[in-house]
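Novice: Sharing a model prediction with you, sequence too.
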Amino acid sequence: MSGSGKKIVAVSNRLPITVKRGDSGLEIKSGAGGLVTALAPVLRNRGGTWIGWLGHSGTLEIEGLLEKASIDTGYELYPVWLTEDEVNNYYHGFSNEVLWPLYHDLQTRCRFEPRYWDFYLAVNKKFAAAVETKSTEEDFVWVHDYHLTHLARELKERGVSRKTGFFLHIPFPTLDIFLRLPWRRQILEAMLEYDLVGFQTLRDRRHFVQCVQSLVPGARIRGRGQVLKATYRGRELRIGTFPISIDYRGFATDAASEPVSTTAWYLHEALPERQVILGVDRLDYTKGIPERLWAFETALERYPELKEKVTLVQVVVPSREDVEEYKALKAEIDGLVGKINGRFTSSGWVPIHYLYRSLDRTELLAYYRLAEIALVTPLKDGMNLVCKEYCACNIEGKGVLVLSEFAGAAAQLHRWALMVNPYDVINVSDAIHKAFTMGRKERRSRMSRMRANIRRQDIFWWVNSFLQAAFSSKLDAFPQVIEDYIPDQQKILVRKFHP
Ligand code: ADQ
C-alpha cells in the first residue's frame, strides 16, 4: 500500500465507538461501519491513532475504559472533550444546521448564526491541538468530513507541519448554492490547506473546483482524471474523487450465513406471496422518506394490481431526535404511514410495515437478502451505502434496486439500477411497478453487474486509492475508473471531464 510505513492518524468528529450504560456500568463498543472495518487494519499495522469526540461528556470511568478499548482494537483511541456550548454550537449548530443542509441543497433549512462559526473555529483548534499531541511530522493525518474542514489550517497556525488529507463524506454543492454561505471564502481557503482533498463523486469535485475558481483568486487547478493538481499560496495539493464503499465480502459472506438465512426465511414467511419493497434510512430529511411514502401511495393508486402483492418495509434508524426538525420529520412519517395504511389495508394485508429502530446486523442483512425491491431514494446523498449493502447481500440475485439520481452511488450503478428522480412521485411509482413486473433473468443480469462493480471497488480499494493519491509521485498512472453521471446524459465519462 502507498505511503507504507507511515503511521496514520485518523480524525473524525466522533470516535468509532459507542458508549452505553449497561448492567455493570458504562460499556464501550467498537463501531461496525465500513470506515472502521477498512481503516482498523491499516491503523493496527502501522500503529495508528483515531482522534474524535465521544459523543459523551468526559468522566474518569470513560478514560479508563478507553485505554482498555485501545488495547482491544489494536490502535489508540484518543478523545477530544467538548463542552455543552461547543456541542450545541459547533456540532448541532454549524455542522448540522449550516453545512449539512447547505451541502444537501436545502439552503432554506440553514441557520446562519454567527455564533456557530466562532465555535466551529474554536473546536477545530481543539482538534488541531489533539493532532499535534498525538502525531509527529512523519505521520499522515487523515481528516474526515465537514465538521473539520479547518483542521489543516489550524495546524499551520500552530506552526505544526504535517502531511494531511481530507475526505468529504457528504456532497459539495454548486456555486450558486455555496454562495449563500457567509463564510464561503474561509471554508474554501481552509480546504486548500490540506495536501489532498477527496470527494465522493466527480459531481462534487466539479462543484468544488468551480467554487474555488470563482471565489479564490490565485488558486490554480489543472489536470484531468481521478486526481487533479492545484497550486495555492505557493504550494501544491491534490484534489481527487474516491467513491466510498463497503466491505463487500464481509456483507456477502454474512448474508449467506445460517443465522441470516433463517431470519430471512422467517421474515418472508410472515409475508407470503408478496414482493417485499425495502427502505432503510437514518431519520433525516435528506433521505426523502415522506416523498418515498407518497410515491408508494401513488403506485398503489395507479397500479391497483400491486395491492396485496407488495409490502413496503420501511426501517428508520432514530437520529438527532432531540432536534425539533427531526421530531417534526418523525411526526410527518408517522402520519403518512398511518394515512396510507388506513386507506389501503385489507383483511390480511398491511401495505407498510414501519420499523422505527436500529436493527442488529443479522436482522438488517436478512431484510437486505429477502427484499425483492430496494427503494433508495434520497433527495441528495454523498454516496449512500445502503444500496451497496443491499446488492452485496442479494446473493440470489433476485433483487431490483430503485435508485435516486441524486445519490453519489448513481455514478457507479446507474446502468443497472432503475434510476428515479425522488421528487417525481409518478416517476418513482412507475419504477416500483417496473421493478415488480421485472422478470427473473433481467433481475439477475442487472444485480450481478452491480455486485461485480461493488466487489471491485470495495472499501479496501477506497482506502488504498486515497492513500495512493496522497503518496504516489506519478498521478498519470492513477487508474481512471471513476465515472461521471448526469441524469439524461448518461454517457459522460471521466476522460471527458474538464475541471
Ligand atoms: P449516512 O448519511 O449515515 O452516511 P449511508 O451511507 O446510507 O448514510 O449509511 C447508513 C449506514 O447506517 C449504513 O451502513 C446502514 O447499514 C446503517 N443503517 C441504516 N439503517 C440501519 C438500521 N435500521 N439498523 C442498523 N443500521 C442501519 C454519510 C453520508 C453518505 C455516505 C456515508 C459514508 O451521508 O452519503 O455514503 O456517510 O461516506
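Specialist: Arrived safely, thanks for sending.
Novice: Tell me, how many residues neighbour residue 300?
Specialist: 19 (other CB atoms under 10 Å). All C-beta atoms are positioned from the backbone trio N, CA, C, and that covers glycine.
Novice: That one is in what secondary structure piece?
Specialist: helix 289-302 (DSSP states H and E).
Novice: now residue 128
Specialist: helix 114-134.
Novice: helices and strands around the helix holding residue 300, which ones?
Specialist: Using 3 or more CB pairs under 8 Å, 6 or more residues apart in numbering; DSSP states H and E, the elements in contact with helix 289-302 are strand 275-282, strand 310-317, helix 324-344, helix 425-437.
Novice: Flag every buried residue along that helix.
Specialist: 289, 291-300 (16 or more other CB atoms under 10 Å).
Novice: now that helix and helix 324-344, what's the angle there?
Specialist: 10 degrees (axes from the mean of the first three to the mean of the last three CA atoms, to 10 degrees).
Novice: Can you point out the buried residues in stretch 274-285?
Specialist: Using 16+ other CB under 10 Å as the test for burial, stretch 274-285 gives 275-285.
Novice: what is the mean pLDDT for it?
Specialist: The average pLDDT for stretch 274-285 rounds to 95.
Novice: Then stretch 385-394?
Specialist: pLDDT averaged over stretch 385-394 gives 97.
Novice: ok, and what's touching that stretch?
Specialist: 34, 244-246, 248, 251-252, 254-255, 260, 278, 280-281, 364-365, 368-369, 371, 374, 376, 399, 401, 403, 407, 409, 413, 417, 447, 450-451, 454-455 (CB atoms under 8 Å, 6 or more residues apart in numbering).
Novice: at 7 Å what do you get?
Specialist: Stretch 385-394 is contacted from outside by 34, 245-246, 248, 251-252, 255, 280-281, 365, 368-369, 374, 376, 399, 401, 403, 407, 409, 413, 447, 450-451, 454, using CB atoms under 7 Å, 6 or more residues apart in numbering.
Novice: Check the offset of that stretch from the chain's centre.
Specialist: Centroid separation between stretch 385-394 and its chain, computed with CA atoms, centre = their mean, to the nearest Å, is 13 Å.
Novice: Start at 748, not 1
Specialist: Okay, using 748 as the starting number, the last item reads as stretch 1132-1141.
Novice: can I get the CA coordinates of it in PDB?
Specialist: Taking C-alpha atoms only, stretch 1132-1141 is exported to PDB below (Å, rounded to 0.1, in the frame of the first residue of the first chain):
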ATOM      1  CA  LEU A1132     -24.100   2.800   1.500                       C
ATOM      2  CA  VAL A1133     -27.500   1.200   2.000                       C
ATOM      3  CA  CYS A1134     -27.800   0.500  -1.800                       C
ATOM      4  CA  LYS A1135     -24.300  -1.100  -1.900                       C
ATOM      5  CA  GLU A1136     -25.100  -3.200   1.200                       C
ATOM      6  CA  TYR A1137     -28.400  -4.300  -0.400                       C
ATOM      7  CA  CYS A1138     -26.600  -5.500  -3.600                       C
ATOM      8  CA  ALA A1139     -23.800  -7.300  -1.600                       C
ATOM      9  CA  CYS A1140     -26.400  -9.200   0.400                       C
ATOM     10  CA  ASN A1141     -28.600 -10.100  -2.600                       C
END
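Novice: Buried ones in it, by neighbour count?
Specialist: 1132-1141.
Novice: Burial check on the residue of the stretch 848-997 of the chain found nearest the ligand, number of neighbours?
Specialist: Closest approach between the stretch 848-997 of the chain and the ligand, counting by CB to the nearest ligand atom: residue 916, at 3.6 Å. By the measure other CB under 10 Å, the count of residues near residue 916 is 17.
Novice: same deal with residue 1009?
Specialist: 12.
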